[in-house]
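Novice: Sharing a model prediction with you, sequence too.
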Amino acid sequence: MRNGVQAIARAASVLRALEHSPGGLTLGEIAAAAELPKSTAHRIVGALSEESLLAQSGDGRISLGGGIARLAAARQEGLGERLHPVLRGLRLQLDETVDLAVLDGSSARFIDQVPAPRRLRAASSVGETFPLHCTANGKALLAAMPESRAAALLPAKLPKLTPQTISGRTRLLAELATVRVEGVAFDREEHTAGICAVGAAISDGADPAAAAISVPIPSQRFAGNERALAAAVKAAAAAATGLLSQA
C-alpha cells in the first residue's frame, strides 16, 4: 500500500511539473522539477504516456496529453447544469447577465450564462474564452490559486485591450492580493470599453478555483453600484461553493 501511495505521489509530481509548461519539458527538466531520479521519472513518464495522460513531441519534449483534457472536460461537464439555479437566482436578483467560467489553460472559458432581459446588456457566448488578466472572472480565478501558480499563467507581457487594461504584472499581482482578501474581483472597462464586471471564485473543495461567477454590466449601470454588486456576487459564489461541497 505504501509503495502504491508513493507511486501516485510521484506521478502527481510529474503532472504538476508539466502543468504550467504548455510547450513541454525534457525528461531531465521533469526529473529536476519533480525532484526525482531521472530513471524514476522515465518510468513514470512511460506509464502516464501509455494512458494518454502525457504526450511526447518529435523533438522529445513531453507535455500533458489528451487524456488530461478529457478528464478535465468530464469534471466540468455537469458543472454548468448543477450551478445554473444559482446563476438564475442572481440574474433575477440583479436583473443583469450572469456568467459561469472555468479555467482553460491560461484563459477563462464560459460554460454557462443567464442573459439579462434588457436591450442594453453585456453578453458573451458560451464556449468563448477571455484573457485572465483583464476580466473579473479571470482575476477571481487567478486570485483563488497560489500566487506562484497565478504568476506562471500570466504572459510575460500583458496585452492591453483598452486604455484601462492593467498591463504591468507587478500592479496586477498587487490587485490579486487585494482580491484574495476581499473575495471579489472587478473589471473596470479593462477588457471591453463600456463594460464593467464583478466576479468571485467558486471552490469545489478540491480546487479553490474550480469556477468563477461574474456579472458583466454596462458601465453606466455599474458606477455607484459596485458595493451592492460585489455583495450579491460574493453571496452567489458562496452558495455555489456550498452546493458543490455537498457532492
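Specialist: Arrived safely, thanks for sending. Bear in mind the structure is a predicted one, so any value in this text is a computation, not a measurement.

Novice: Could you tell me how many residues sit around Ala239?
Specialist: Residues near Ala239, counting by other C-beta atoms under 10 Å, number 17. C-beta here means a position set from N, CA and C on the backbone, and glycine is covered the same way.

Novice: same check, this time on Glu175
Specialist: 17.

Novice: mind listing what it touches?
Specialist: Contacts for Glu175 (C-beta atoms under 8 Å, 6 or more residues apart in numbering) come out as 139, 166.

Novice: pLDDT value on it, please?
Specialist: As predicted, Glu175 sits at a pLDDT of 96.

Novice: so it, which of the three states?
Specialist: Assigned with DSSP: H, G, I helix; E, B strand; the rest coil, Glu175 falls in the helix class.

Novice: if I look at it, how far off is Ala55?
Specialist: 35 Å (C-beta to C-beta, to the nearest Å).

Novice: show me where pLDDT drops low in this protein?
Specialist: By pLDDT under 70, the weakly predicted segments of the chain are 1-4, 20, 22, 68-77, 120-123, 247.

Novice: For it, give the helix that spans the most residues.
Specialist: helix 226-245 (DSSP state H).

Novice: Can you tell me the element the residue nearest to Ala193 when sequence neighbours are not counted falls in?
Specialist: Nearest in space to Ala193, with sequence neighbours left out and distances taken as C-beta to C-beta, 6 or more residues apart in numbering, is Thr162 at 5.0 Å. If you go by DSSP states H and E, Thr162 is not part of any helix or strand.
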